[in-house]
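# mind looking at a prediction? Sequence and model below.
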Amino acid sequence: MFSKVLIANRGEIAVRIIRTCQKLGIRTVAVYSEADADSLHVSLADEAYLIGKPRVAESYLNIEKIIEVAKTAKAEAIHPGYGLLSENPAFARRCEEEGIVFIGPKADVIAAMGSKIEARRTMEQAGVPIVPGVSFALDSADEAAKAAASIGYPVMLKASAGGGGIGMHIARDEAELRQAFEGSQKRAASFFGDGTMYIEKYIDRPRHIEIQLLADSYGNCVYLWERECSIQRRHQKVVEEAPSPFLDEETRRKMGEAAVRAARHIGYANAGTIEFLVDEQKNFYFLEMNTRLQVEHPVTEEITGIDIVEEQLRIAAGEPLRYQQEDIRRDGHAIEVRIYAEDPNTFYPSPGRITAFSAPQGEWIRHETAVQSGAAVTPFYDPMIAKLIAKGPDRQTAIERLLEALRHYRVEGIKTNIPLLEAVLSHPAFQAGDTTTDFLSKHWKPAKAK
Amino acid sequence: MTQVTATMAGSIWKLLVAVGDHVEEGQDVIILESMKMEIPIAAEASGVVKHIHVQEGDFVNEGDVLVEIE
């Protein structure tokens, strides 16, 4: 096992990773920007290094600076967390070149899954169902219109380098597709440095259900069941739970086995997630693979009792998997809500200073955050300030415990989406398990933006 | 003269108007980027753009004057 690990991230996930490192007796190295000097991850780590200005391009995305810190601090491995450099093949490659272990898959595997078009082709070869669509780049609105005509409307226009919903657009007819094409292409080019677009058939009222995998460097791979993440706003997840209230045992097994097949096919080693769209008939289609730790990994940890970060560290250190499929248990139900610094009606972010902050504690409650009373929520980073997770023997109990915890959750000085989260959890459709990706647009009527 | 101010801290993502342009009340004049999200900022009155105080990429704080309209 490693004796020292650098965490190339910030916020709650850096704090979360430090916690497991401490449990395993691994010393931790934090990196931080000028905006994060007072952050919790900086004070919790054994060592901390300032790496630049607040903007991510000048700090958390500065590959050479982070490599330099890892060498100075003599860290043997780097945990990238999620977002930032976690799915950047150039970063993984630089780590490989410098003899630093990148806690994730090989650079070429990240690259193959990072291109959504290439990932579609790869999954097809692995025998994993994909959404009907094109697996090649569309260079113009004309090409897109031609492809859409062969697939049939409505279609989903997507960026090959995309993520987080950016550059995605539903087109119900050719006029909408043509109108959206150029803007989406430009947005993808400026966000991801790659404006390659493709289209898939739009699946009506889908569920977003993903399979958590653990795979080691020796070809062993297990699935840690699924997470249902259908409640989304702006194509970003808001509420996640495990198990899914929708899946039956047979679909669950088929999805798990398809995900394992996919991971084996690409020689995957690390924790990873295969995201699927599931339609009303329980057909499932590969959506994308996340070659990193997911934001919502805690719900899986809560029902399986497995510390996913610990397994990532062990796999990266060259240990074989400690589990076979039949060892993976499933106990109770866990739900996570993401607490965002944003207006619950307009979904616009709400940066500012948190004047008061307190979260409920309890045996069934898990709270992941890096903010404290007096902390500034800056405009430079993602608006997620915390995750609150509740567990119960069954789904209804987990919902009630989470609602109770949210009622006692206090954040002052900034706006948060807590009113929205309470409304979702108490909604009859959510309680009935009727969770599709259109849930919020259907059931939540936001006040108009000012 | 009316001022268009930043509704929150962030970076100027896109300037949608130039000095001399006529804008209508409610028309988006600037797109701000904050917390990885694009936030359009609209003119509160119709008129002609007199001054633009920011450039694309600039960091602004809540309340900063971005554009003046006459």
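Good, I have the coordinates.

# buried residues in stretch A:357-365, which are they?
For stretch A:357-365, the buried set under the neighbour-count rule, 16 or more other C-beta atoms under 10 Å in any protein chain shown, comprises A:Phe357, A:Ala359, A:Pro360, A:Trp364, A:Ile365. For every residue, glycine as well, the C-beta is placed using N, CA and C.

# looking at those, which is nearest chain B?
Set against chain B, the nearest of the buried residues of stretch A:357-365 by C-beta to the nearest C-beta is A:Phe357 (17.9 Å).

# quick check, stretch B:10-22 touching chain A?
Yes. If you take C-beta under 8 Å from any C-beta of the partner chain as the test, stretch B:10-22 does meet chain A, through B:Gly10, B:Ser11.

# run through who's touching that stretch.
Contacts to stretch B:10-22, defined as C-beta atoms under 8 Å, 6 or more residues apart in numbering or on different chains, come from residues A:55, A:351, A:379, B:23, B:28-35, B:38-39, B:46-52, B:54-60, B:66-67.

# start to end distance for that stretch?
Length of stretch B:10-22, first residue to last, C-alpha to C-alpha, to the nearest Å: 25 Å.

# same deal with stretch A:383-401?
Using C-alpha to C-alpha, the end-to-end distance of stretch A:383-401 comes to 24 Å.

# what comes up buried for that stretch?
For stretch A:383-401, the neighbour count (16+ other C-beta under 10 Å) marks A:383-392, A:395, A:398-401 as buried.

# so which of those are in strands?
Among the buried residues of stretch A:383-401, the members falling in strands (DSSP state E) are A:Met384, A:Ile385, A:Ala386, A:Lys387, A:Leu388, A:Ile389, A:Ala390, A:Lys391, A:Gly392.

# how close does the second one get to chain B?
Using C-beta to the nearest C-beta, to the nearest Å, one gets 10 Å for the distance from A:Ile385 to chain B.

# can you check the last one too?
When distances are taken as C-beta to the nearest C-beta, A:Gly392 and chain B turn out to be 32 Å apart.

# and for the fifth one?
Taking C-beta to the nearest C-beta as the measure, A:Leu388 falls 19 Å from chain B.

# can you give me the pLDDT of the nearest residue to A:Tyr60 once chain neighbours are set aside?
Once flanking residues are discounted, A:Tyr60 sits nearest to A:Leu84: 4.9 Å by C-beta to C-beta, 6 or more residues apart in numbering or on different chains. The confidence metric pLDDT takes the value 94 at A:Leu84.

# compute the number of surrounding residues for residue 43.
Here I'm looking at chain A. 11 (other C-beta atoms under 10 Å in any protein chain shown).

# wrong one, chain B
When neighbours are counted by other C-beta under 10 Å, B:Ala43 registers 21.

# that one against B:Thr5, yeah?
No. Counting by C-beta atoms under 8 Å, B:Ala43 does not reach B:Thr5; the two are 11.1 Å apart.

# not counting its neighbours along the chain, what's nearest A:Glu228?
Nearest one to A:Glu228, counting by C-beta to C-beta, 6+ apart, is A:Ser244 at 3.6 Å.

# with A:Val101 instead?
For A:Val101, the spatially nearest residue (C-beta to C-beta, 6+ apart) is A:Ala77, at 3.8 Å.

# okay but the one you found is in contact with A:Ile103, surely?
Yes. Contact criterion C-beta under 8 Å: A:Ala77 and A:Ile103 qualify, at 5.6 Å.

# need the overlap of contacts for those two.
Taking C-beta under 8 Å, 6+ apart as the criterion, A:Ala77 and A:Ile103 both touch A:Val5, A:Leu313, A:Ala316.

# pick the one among those closest to A:Glu302.
If you rank the shared contacts of A:Ala77 and A:Ile103 by distance to A:Glu302 using C-beta to C-beta, A:Leu313 comes first, at 19.4 Å.

# I'd say the closest one and A:Ile103 touch.
Yes. Between A:Leu313 and A:Ile103 a contact is recorded at 6.7 Å, counting by C-beta under 8 Å.

# between those two, which one's more packed in?
Using other C-beta under 10 Å, the more surrounded residue of A:Leu313 and A:Ile103 is A:Ile103, with 29 against 23.

# look up how far A:Ile315 lies from the more buried one.
Distance, A:Ile103 to A:Ile315, using C-beta to C-beta, to the nearest Å: 8 Å.

# need the overlap of contacts for those two.
By the contact definition C-beta under 8 Å, 6+ apart, A:Ile103 and A:Ile315 are jointly contacted by A:Asn270.

# for chain B, what are the nearby residues on chain A?
A:55, A:164, A:234, A:341-342, A:348-351, A:378-383, A:450.

# separate out the buried members of these.
Buried, going by 16+ other C-beta under 10 Å: A:55, A:164, A:341-342, A:348-351, A:378-383, out of the residues of chain A next to chain B.

# go ahead and flag the most central residue of chain B.
Chain B has B:Ile30 as the residue nearest its centroid, 3.9 Å off, counting by C-alpha atoms, centre = their mean.

# does that one touch B:Ile69 like I think?
No. Assessed by C-beta under 8 Å, B:Ile30 is found out of contact with B:Ile69, at 11.7 Å.

# what sits in contact with each of the two?
By the contact definition C-beta under 8 Å, 6+ apart, B:Ile30 and B:Ile69 are jointly contacted by B:Val4.

# excluding its backbone neighbours, what's nearest residue 63?
Defaulting to chain A. Closest residue in space to A:Ile63, ignoring its immediate chain neighbours: A:Phe91 at 5.1 Å, by C-beta to C-beta, 6+ apart.

# other chain: chain B
Closest residue to B:Gly63 in three dimensions, ignoring its sequence neighbours and counting by C-beta to C-beta, 6+ apart: B:Thr5, at 5.4 Å.

# B:Leu66 is in contact with the one you found, correct?
Yes. Using C-beta under 8 Å, B:Thr5 is in contact with B:Leu66, at 6.4 Å.

# who has more neighbours out of those two?
The neighbour comparison of B:Thr5 against B:Leu66 (other C-beta under 10 Å) goes to B:Leu66, with 21 against 15.

# the more buried one contacts B:Asp28, correct?
No. B:Leu66 is not in contact with B:Asp28 according to C-beta under 8 Å; the separation is 11.8 Å.

# mind showing which ranges of chain B have poor pLDDT?
Scanning chain B for pLDDT under 70 picks out no residues.

# for it, what lies in contact range of chain A?
For chain B, the residues in contact with chain A (C-beta under 8 Å from any C-beta) are B:Thr7, B:Met8, B:Ala9, B:Gly10, B:Ser11, B:Ser34, B:Met35, B:Lys36, B:Met37, B:Ile39, B:Glu62.
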